[in-house]
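Asks: Here you go, sequence then predicted model.
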Amino acid sequence: MAILEVDSLRKEYGGFTAVEGSSFAVERGEVFGVVGPNGAGKTTTLKMLAGLIEPTAGAAVVAGHTPGEPAMQRRLGFLPEESPLYEEMTANGYLEFFADLYDVPAEAARERIDRTLERLDLEHRDRRLGNMSKGMKRKVAIARALVNDPDVLIFDEPASGLDPLTTNYIIEFTRELSDEEKTILFSAHNLFHVESVCDRIVIMNDGRIVARGTVDEIRDAHGGTEYYVYATVDADGDPVAGEPIDDDRRDGDAATEYCHVVGDMAAVEAVRETVEGAGGRVTDIQTETPSLEEIFLEVASEPAGNGDGSASDGPAGRTGTDAAERTDDEAVTEDAAEAET
Ligand SMILES: Nc1ncnc2c1ncn2[C@@H]1O[C@H](COP(=O)(O)OP(=O)(O)OP(=O)(O)O)[C@@H](O)[C@H]1O
């Protein structure tokens with residue numbers, strides 16, 4: 001059952017639409033990635049869900065509550081992109097202060113803080129925050145987001161600008177939180193981190209969701225794995241229908257080698273049979289799978305929406321009913337979804 005539901009969310013700043021027609025649902029225990037280029041609307045979306053800014057239109061339900069309701073705040077932990085801390089306080093003092101704000105009993109707070117800082121491997125807990133490194137401060141900010149033992153966590157760029165060791169701790173910790181049935185909304189520019197930790201993602205561009213699904217599903221929707229079948233055929237030429245890729249043609253002494261690019265193993269076998277039937281042979285088969293980075297670049301360079309890109313077009317133009325009917329099992333680019341409707 002979804003613990004977080006977003007239906008046709010929109011945010012306008014003056015005449016500018018930062019987020020348009022955003023709809024998705026997140027299951028309990030999922031790590032759900034929100035990715036996109038600068039200015040895509042990720043932080044605006046996360047802030048609306050955290051109840052920090054009011055949506056212009058649309059609705060969201062987080063752990064059974066509307067964002068901003070005090071009852072929701074008790075079940076939510078928010079790690080903002082920038083998290084200035086009170087420099088004069090120690091890590092311990094700071095976290096105790098926030099636990100108190102959430103009415104966490106002192107003993108439970110102490111235990112929770114100790115456990116979280118232990119897991120995040122934070123030393124020098126009585127050092128002034130102002131004297132801590134960037135990575136240590138980020139760990140304290142993460143511990144702050146957990147001080148009320150929330151069900152839903154929103155992590156906006158949790159590991160941005162941190163060294164690889166600290167980053168690994170944070171990614172690993174995010175995974176562990178999900179194993180403990182915490183639900184995490186995770187935004188990051190590092191797509192390797194996204195791919196390694198997120199169960200599903202949405203890709204945003206110009207305020208709209210332009211692709212959604214697991215990384216594998218999105219990869220399949222964008223051509224998936226390609227098979228490069230190299231075949232040597234004698235002077236009579238290539239027996240397989242279709243043009244070889246010129247760049248990959250390699251001339252040998254007695255025969256010419258062709259490269260055929262196909263989309264699945266059945267097609268690979270068909271090429272092999274045809275080549276062998278004509279007296280040639282397959283010399284090599286290689287595969288190429290697009291990285292999330294490559295897919296991201298492709299998706300993010302496409303114009304958002306399905307026409308003139310106006311605000312009423314494409315996914316952003318969905319009615320509330322359309323959005324509610326969408327099953328999140330669908331793993332497609334939004335353009336493909338448009339074509340189906
Ligand atoms: N308070 C605001 N007033 C006006 N425009 C805003 C405001 N906040 C954000 N925007 C604009 O809304 C758009 C989306 O911003 P947002 O911060 O959500 O993007 P983002 O995807 O998080 O980008 P980044 O990856 O750079 O953090 C941007 O064009 C931004 O300039």
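Replies: Structure's in. What do you need?
Asks: so which helix or strand takes in residue 140?
Replies: Element membership for residue 140 (DSSP states H and E) is helix 134-145.
Asks: Can you identify the element that follows that helix toward the C-terminus?
Replies: Counting by DSSP H and E, the next helix or strand C-terminal to helix 134-145 is strand 152-156.
Asks: Got phi/psi on residue 84?
Replies: Main-chain torsions, residue 84, degrees, to the nearest 10: phi -60, psi 130.
Asks: measure stretch 190-205 end to end?
Replies: End-to-end span of stretch 190-205 (C-alpha to C-alpha, to the nearest Å): 16 Å.
Asks: So which residues of the chain form helices?
Replies: Assigned by DSSP state H, the chain shows helices spanning 42-49, 70-73, 91-101, 106-119, 134-145, 164-179, 191-197, 215-221, 265-277, 292-301, 320-325, 334-340.
Asks: so residue 163 touches residue 135, yeah?
Replies: Yes. Taking contacts as C-beta atoms under 8 Å, residue 163 lies within contact range of residue 135: 6.2 Å. For glycine as for every other residue, the C-beta is placed from the backbone atoms N, C-alpha and C.
Asks: Neighbour count for these two, which is higher?
Replies: residue 135 (19 against 11; other C-beta atoms under 10 Å).
Asks: How about the residues of this structure by the ligand?
Replies: The chain has residues 13, 16, 18, 36, 38, 39, 40, 41, 42, 43, 44 near the ligand, with proximity defined as C-beta under 6 Å from any ligand atom.
Asks: Could you tell me what pLDDT the model assigned to the first one?
Replies: The per-residue pLDDT reported for residue 13 equals 95.
Asks: what pairs with it across the strands?
Replies: On the basis of DSSP bridges, residue 13 is bridged to residue 16.
Asks: List the buried residues for stretch 23-37?
Replies: Within stretch 23-37, the residues scored as buried using 16 or more other C-beta atoms under 10 Å are 23-26, 29-37.
Asks: swap in stretch 105-112?
Replies: Buried residues in stretch 105-112, counted by 16+ other C-beta under 10 Å: 109, 112.
Asks: Repeat that for stretch 266-274.
Replies: Those would be 268, 270, 271, 272, 274, for stretch 266-274 by 16+ other C-beta under 10 Å.
Asks: What mean pLDDT does that stretch get?
Replies: Mean predicted confidence for stretch 266-274 is 91.
Asks: And for residue 134, the neighbour number?
Replies: Using other C-beta under 10 Å, residue 134 is surrounded by 12 other residues.
Asks: Okay, it and residue 67: tell me how far apart.
Replies: Distance, residue 134 to residue 67, by C-beta to C-beta, to the nearest Å: 29 Å.
Asks: Check residue 34 too.
Replies: From residue 34 to residue 67 the distance is 15 Å (C-beta to C-beta).
Asks: about what we covered before: which one of the residues of the chain next to the ligand has the most neighbours?
Replies: residue 42 (27 neighbours).
Asks: my guess is that one meets residue 22, correct?
Replies: No. At 10.2 Å, residue 42 does not count as touching residue 22 under the criterion of C-beta under 8 Å.
Asks: Identify the contacts common to those two.
Replies: Residues touching both residue 42 and residue 22 by C-beta atoms under 8 Å, 6 or more residues apart in numbering: residue 204.
Asks: Quickly note the distance from residue 12 to residue 204.
Replies: Residue 12 is 16 Å from residue 204, by C-beta to C-beta.
Asks: Then residue 292?
Replies: On the measure of C-beta to C-beta, residue 292 and residue 204 end up 14 Å apart.
Asks: between the two, who's got more neighbours?
Replies: Legend: neighbour count by other C-beta under 10 Å for residue 292 and residue 204, higher for residue 204 (28 against 22).
Asks: which residues sit in contact with residue 122?
Replies: Contacts of residue 122 by C-beta under 8 Å, 6+ apart are 91, 136, 139, 140, 143.
Asks: Just give the number of residues close to the residue nearest to the last one when sequence neighbours are not counted.
Replies: What that stands for is residue 143. Closest residue to residue 143 apart from its sequence neighbours, by C-beta to C-beta, 6 or more residues apart in numbering: residue 116 at 4.5 Å. Applying other C-beta under 10 Å, we find 21 residues neighbouring residue 116.
Asks: Report the residue spans of the stretch 201-341 of the chain with pLDDT below the cut-off.
Replies: Applying pLDDT under 70 to the stretch 201-341 of the chain flags residues 235-255, 303-341.
Asks: sorry, back to before: tell me the gap between the helix holding residue 140 and the middle of its chain.
Replies: Taking C-alpha atoms, centre = their mean, to the nearest Å, one finds helix 134-145 lying 21 Å from the centre of the chain it belongs to.
Asks: Right, I'll leave it there.
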